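S.K.: Mind looking at a prediction? Sequence and model below.
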Amino acid sequence: MFKNDTIVALATPAGSGAIAVIRLSGSESHAIAAAVFVPAFAKAHSKPSSKLYERLHPNTVTLGHVYDGDRIVDQVLLTRFDAPRSYTGEDVVEISCHGSIYIQQEIIGLCLRKGARMAQAGEFTLQAFLNAKMDLSQAEAVADLISSESATAHQIALQQMRGGFSSELQGLRKQLLNFSSMIELELDFGEEDVEFANRDDLKRLLSESQQTLRKLIDSFALGNVLKSGIPIAIVGEPNVGKSTLLNALLNEEKAIVSDIAGTTRDSIEDEINIDGIRFRFIDTAGIRETTDTIETMGIQRSYSKAEQSRLVLYLLDATQLNSNPRIVHCLMRIQILKERFPDKPVVVILNKLDEITGLQHAEITKQIKKRSPETIVISLSAKSGTGVEELKEALVASFQSGALSADDSIVSNARHYDALQKAYSSLLEVQNGIENDISSEFLAIDIKATAESLGIITGEITNDELLGNIFSQFCIGK
């Protein structure tokens with residue numbers, strides 16, 4: 001898959017626009033550009049030539065025209081980058097032309113006729129990786145950055161692209177390989193009973209490495225939901241206003257709303273970006289005792305969605321909380337849910353605030369707090385919208401705390417997570433090996449296994465299949 005030739009592709013999204021950018025990368029980039037470009041400072045009736053092109057300074061933008069023979073194709077801005085000071089580390093030319101699809105195709109076709117070939121998906125970034133302009137995790141972050149749809153996803157991708165945890169993992173890997181080499185050296189002097197690798201130093205390194213990897217592994221759960229959207233399940237008994245709340249949060253009629261209990265038989269979900277954080281709200285079927293087979297399946301899915309979510313909004317119909325036994329019944333249902341998912345935060349939403357008096361609201365809240373002081377209660381009216389913005393603010397605040405507000409590295413890539421898990425397991429094997437005084441030969445093997453897993457993340461260890469899988473997920477032109 002690695003070809004040392006010159007590639008060309010549209011670097012901006014396909015379709016018409018104000019401008020389009022066509023990128024060339026490779027050893028023939030300047031020669032191809034010189035064959036089609038005439039700078040505006042040239043004398044009238046000048047033709048494309050290498051002599052004119054050589055007058056362009058690297059890393060500068062020059063106004064001019066692209067010619068196809070004697071025909072002017074477009075007035076453009078051409079940016080020249082000389083290797084290695086370019087995105088790919090090769091000679092690069094970027095032509096900013098008018099965004100007509102016809103003009104884009106004409107210029108790309110011209111470059112192809114002059115010797116370039118069409119770039120494959122992600123090939124510019126692949127070249128940047130192969131030319132050591134970035135490591136593999138940074139290259140993957142480029143794709144994440146392009147596809148980021150929220151401030152949090154952007155923040156994670158940008159942090160990773162700037163180096164993130166790469167340098168830390170590279171440092172650990174280097175130290176582990178050093179120990180592995182020293183232990184292997186001991187094998188060469190087996191009969192002399194020498195110890196080149198200090199076991200106490202190795203134990204300290206193992207301890208530090210375990211802490212680092214554990215922290216990164218634990219960050220994946222958060223990183224993954226921040227990247228793909230934080231799932232929040234809306235659950236409760238039938239007809240308490242779950243679908244109405246979903247519609248209010250999304251500000252659109254996503255779910256069918258009716259007074260008939262059990263209207264929602266299956267989960268409905270959609271995403272919304274609130275203050276830079278992507279949330280995925282899931283409206284679920286009402287939870288109640290039933291003999292209806294289909295409704296039972298819907299309720300089972302409600303529990304399943306609650307389990308998959310990061311937070312549960314449990315809705316109560318305030319108009320139905322008109323007696324203490326009823327309040328106790330609802331709190332009991334909430335308690336059952338909490339016991340079923342003990343690690344899941346549950347926020348109680350007191351809905352239909354517009355249909356009760358202020359005194360009734362105060363009494364209901366008082367009774368809930370009296371019987372369940374730790375319960376978080378937010379009151380609102382999904383129908384009128386009262387309190388919905390306050391709910392959004394509370395959700396944003398809850399997910400802006402902790403890891404989000406810190407500069408700590410967050411893992412959001414499943415490939416990195418898998419490799420970190422393997423590296424951590426290998427570290428435990430090394431530790432067990434030291435404690436059980438296994439032979440140096442096996443100890444070195446376990447240390448190398450750890451280093452290999454870390455190298456797979458940063459790309460220090462790779463293969464064509466792995467690179468093909470990663471870069472095929474990029475768009476053409478990146």
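M.R.: Right, received. Where do you want to start? Numbers count the residues shown, from 1 in each chain.

S.K.: Let me see the ranges of the strands in the stretch 101-250 of the chain.
M.R.: Listed in chain order, the strands of the stretch 101-250 of the chain (DSSP state E, counting those that start in this stretch) span residues 117-118, 230-236.

S.K.: Show me what the shortest one is packed against.
M.R.: Based on contacts counted as 3 or more CB pairs under 8 Å, 6 or more residues apart in numbering; DSSP states H and E, the elements that strand 117-118 packs against are strand 7-10. C-beta: built from backbone N, CA, C; applies to glycine.

S.K.: Next secondary structure after the strand it packs on?
M.R.: strand 17-25 (DSSP states H and E).

S.K.: which stretches of this structure have low pLDDT?
M.R.: 1-3, 190-194, 254-266, 400-408, 475-477 (pLDDT under 70).

S.K.: for it, what's the longest strand?
M.R.: strand 71-81 (DSSP state E).

S.K.: What angle do strand 17-25 and that one make with each other?
M.R.: 60 degrees (axes from the mean of the first three to the mean of the last three CA atoms, to 10 degrees).

S.K.: Pull out the buried residues from strand 71-81.
M.R.: Within strand 71-81, the residues scored as buried using 16 or more other CB atoms under 10 Å are V73, D74, V76, L78, T79, R80, F81.

S.K.: how about those residues in TSV, adding distance to K203?
M.R.: Output for those, formatted as TSV (distance: CB to CB, whole Å):
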residue	distance to K203
V73	67
D74	66
V76	62
L78	58
T79	53
R80	54
F81	48
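
S.K.: related to what we said a few turns ago, now what about the longest strand of the chain, what contacts it?
M.R.: Defining contact as CB atoms under 8 Å, 6 or more residues apart in numbering, one finds that strand 71-81 is touched by 30, 33, 36-37, 39, 56-67, 87, 91-98, 103, 106-107, 110.

S.K.: In strands only, show me these.
M.R.: Counting by DSSP E, the part of those found in strands is 37, 39, 60-67, 92-98.

S.K.: ChimeraX command to pick out the buried ones of those residues?
M.R.: Of the ones in strands among the contacts of strand 71-81, the buried ones go into a single ChimeraX selection, burial set by 16+ other CB under 10 Å:
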select :37,39,62,64,65,66,67,92,93,94,95,96,97,98
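
S.K.: between the longest strand of the chain and strand 60-68, what angle do the directions make?
M.R.: 150 degrees.

S.K.: Give the partner strands of strand 71-81 in its sheet and their orientations.
M.R.: Sheet pairing of strand 71-81 (DSSP bridges) gives strand 60-68 (antiparallel), strand 92-99 (antiparallel).

S.K.: out of the strands of the stretch 101-250 of the chain, deepest packed?
M.R.: Per-stretch averages of neighbours, counted by mean count of other CB atoms under 10 Å, single out strand 230-236 among these, with a mean of 26.

S.K.: helices or strands next to that one in the packing?
M.R.: Strand 230-236 packs on helix 242-250, strand 277-283, helix 293-308, strand 311-317, going by 3+ CB pairs under 8 Å, 6+ apart.

S.K.: between these, which one is nearest to T125?
M.R.: strand 277-283 (24.1 Å; CB to CB).

S.K.: Okay, buried residues for the closest one please.
M.R.: I277, R278, F279, R280, F281, I282, D283.

S.K.: List of residues touching it?
M.R.: 149-153, 226, 228-234, 242-243, 245-246, 249-250, 254-255, 264, 267-273, 305, 309, 395-396, 399-400.

S.K.: Kindly recompute the last result at 7 Å.
M.R.: 149-153, 229-234, 242-243, 246, 249-250, 255, 264, 267-272, 305, 309, 395-396, 399 (CB atoms under 7 Å, 6 or more residues apart in numbering).

S.K.: And the residue nearest the centre of this structure?
M.R.: Taking CA atoms, centre = their mean, the centroid of the chain lies closest to K227, which sits 3.8 Å from it.

S.K.: Regarding the closest residue to it other than its chain neighbours, which helix or strand does it belong to?
M.R.: If the residues on either side of it in the chain are set aside, K227 comes closest to S412, at 4.3 Å by CB to CB, 6 or more residues apart in numbering. According to DSSP H and E, S412 maps onto no helix or strand at all.

S.K.: what about S412, how many neighbours?
M.R.: S412: 24 surrounding residues under other CB atoms under 10 Å.

S.K.: Kindly report the same for K352.
M.R.: For K352, the count of nearby residues is 22 (other CB under 10 Å).

S.K.: quick one: it from K448, how far?
M.R.: Distance, K352 to K448, by CB to CB, to the nearest Å: 63 Å.

S.K.: Adding distance to N432, write the strands of the stretch 101-250 of the chain out as TSV.
M.R.: Output for the strands of the stretch 101-250 of the chain, formatted as TSV (distance: least, CB to CB, whole Å):
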stretch	distance to N432
strand 117-118	52
strand 230-236	37
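
S.K.: on that earlier part again, from the contacts of strand 277-283, list just the buried residues.
M.R.: 150, 152-153, 229-234, 242-243, 246, 249-250, 255, 264, 267-270, 272, 305, 309, 395, 399.

S.K.: Measure how buried N198 is and give me the count.
M.R.: Residues near N198, counting by other CB under 10 Å, number 12.

S.K.: all helices of the stretch 251-400 of the chain, in order?
M.R.: In the stretch 251-400 of the chain, the helices defined using DSSP state H, counting those that start in this stretch lie at 293-308, 324-340, 358-371, 388-400.

S.K.: buried set for the longest one?
M.R.: Applying a neighbour-count criterion of 16+ other CB under 10 Å, the buried positions in helix 324-340 are I327, C330, L331, R333, I334, L337, K338.

S.K.: Which one of these is nearest to A14?
M.R.: Among the buried residues of helix 324-340, and counting by CB to CB, the member closest to A14 is L337, at 47.4 Å.

S.K.: L52 is in what secondary structure piece?
M.R.: Using DSSP H and E, L52 falls in helix 50-53.

S.K.: who does that helix touch, helix- and strand-wise?
M.R.: Counting contacts by 3 or more CB pairs under 7 Å, 6 or more residues apart in numbering; DSSP states H and E, helix 50-53 is packed against helix 29-34, strand 37-39.

S.K.: among these, which is the most enclosed?
M.R.: Across those, averaging neighbours per residue (mean count of other CB under 10 Å) puts helix 29-34 on top, at a mean of 23.

S.K.: Now do it: everything it contacts.
M.R.: Contacts for helix 29-34 (CB under 7 Å, 6+ apart): 6, 24, 48-50, 53, 78, 91-93, 111, 114-116.

S.K.: Contact partners for V430?
M.R.: L206, L443, D446, I447, T450.

S.K.: swap that for A20, sorry
M.R.: L10, T12, C97, G99, Q104.
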